[in-house]
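Peer 1: I would like to see how this sequence folds:
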Amino acid sequence: MQDTAPAPGELLEIALVVAREAADTARVMRVEGVSGVTTKSTRTDVVTAADRAVERQVLAALREARPQDTVLGEEYGDSGGPDRSAVPGAVRWIVDPIDGTVNYLYGLPQYAVSLAAEVDGVVVAGVVRNAATGDEWTATRGGGAYRAGRRLRCSTETDLGQALVATGFGYDSARRVHQARVLAQLIPQIRDIRRFGAAALDLCLAAEGAVDAYYEKGLAAWDLAAGGLIAAEAGLRVAGLAGAAAGPDLVIAAPPTLFEPLHDLLAGLDASGGP
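Peer 2: Alright, predicted model coming up:
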């Protein structure tokens, strides 16, 4: 039987140490030159030697710090058995070793290590660290979201027509075609769109009000876990369509005053549809 689950703050302290060291590795490997580039789901869905090396480093560090926990990672999957998550108080870590791998490949300074801790299926602590710049966002459930010691509050914009909205696109060309159609009909009804190429960073930028809202189809757990908590703790509503939880079908992160109009617009445009 698992002991009482650790406090979110305790898990965040572990996450900070692990994510910072992982980000350092990613940055150093980028300076030394990107290598081992292969593809996954499509020919544009790249993975590098650094993605794999950073995730192995995170796995090793978490195994040393909390050997009883399990880890879900983008590159190596889930380390737990089928019944492990059902143990009361079980901690599962969710890691994206390099969110924004295409940016990493091209040397664009928007790529991040994302690490979250989940207890009984609920994300309770998370950190996103931009490995290129050192910018770092953190949150604990019920404890707020922070960047450099400053508590984050989301945008106070109330007019969707004046909202700067971030989004992203999938790797499958057919999905991109559908997403482009949605975007073409959305953009006349908002201020403008931004696309940075790293979902975790998009969520953090929404958390601090650098963009007013964010939406995207196709996010995996490692894309959403840490950034989604940071966004929610900054006051954004983070959900899917028609009362569904945020997930692969669609993620919307918007201030409460913008959520419903953005939700209804995206629903009408079939943003969760297509491939």
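Peer 1: Tell me the helices and strands packed up against the top helix by length along the chain.
Peer 2: Criterion DSSP state H: the longest helix present in the chain is helix 8-32. Applying 3 or more Cβ pairs under 8 Å, 6 or more residues apart in numbering; DSSP states H and E, one finds that helix 8-32 makes contact with helix 49-65, strand 91-99, strand 112-119, strand 122-130, strand 136-140. In this view, the C-beta of every residue, glycine as well, is placed from N, C-alpha and C.
Peer 1: repeat that with 6 Å
Peer 2: helix 49-65, strand 112-119, strand 122-130, strand 136-140 (3 or more Cβ pairs under 6 Å, 6 or more residues apart in numbering; DSSP states H and E).
Peer 1: If you count neighbours, what's buried in stretch 45-65?
Peer 2: Across stretch 45-65, burial judged by 16 or more other Cβ atoms under 10 Å covers 46-48, 50-59, 61-62.
Peer 1: Between the residues you listed, which sits nearest Arg175?
Peer 2: Comparing the buried residues of stretch 45-65 against Arg175 with Cβ to Cβ picks out Val46 as the nearest, at 16.5 Å.
Peer 1: tell me the pLDDT at that closest one?
Peer 2: Looking at Val46, its pLDDT stands at 79.
Peer 1: next one: the one 10 residues further on
Peer 2: The predicted local confidence for Arg56 comes out at a pLDDT of 96.
Peer 1: Not counting sequence-adjacent ones, nearest residue to it?
Peer 2: In this structure, Arg56 finds its nearest non-sequential neighbour in Tyr76, 7.6 Å apart by Cβ to Cβ, 6 or more residues apart in numbering.
Peer 1: before we move on, what about Ala267?
Peer 2: In space, Ala267 is closest to Leu241, 5.4 Å off (Cβ to Cβ, 6+ apart).
Peer 1: Please state the offset of the helix or strand of the chain with the lowest mean pLDDT from the chain centre?
Peer 2: Scoring the helices and strands of the chain by mean pLDDT, DSSP states H and E places strand 46-47 at the bottom, with a mean of 84. The chain centre lies 17 Å from the centre of strand 46-47; the measure is Cα atoms, centre = their mean, to the nearest Å.
Peer 1: quick one: contacts of that strand?
Peer 2: With contacts defined as Cβ atoms under 6 Å, 6 or more residues apart in numbering, strand 46-47 is touched by Val37, Thr38, Thr39, Lys40, Thr101, Leu105.
Peer 1: Now the buried members of these.
Peer 2: Applying 16+ other Cβ under 10 Å to the contacts of strand 46-47 flags Thr101, Leu105 as buried.
Peer 1: which two in the contacts of strand 46-47 are spaced the farthest apart?
Peer 2: Longest span within the contacts of strand 46-47, Cβ to Cβ: Lys40 and Leu105, 13.2 Å.
Peer 1: Closest to Ala246 out of the contacts of strand 46-47?
Peer 2: Among the contacts of strand 46-47, Thr101 lies closest to Ala246 (Cβ to Cβ), at 21.8 Å.
Peer 1: Fine by me, we can end here.
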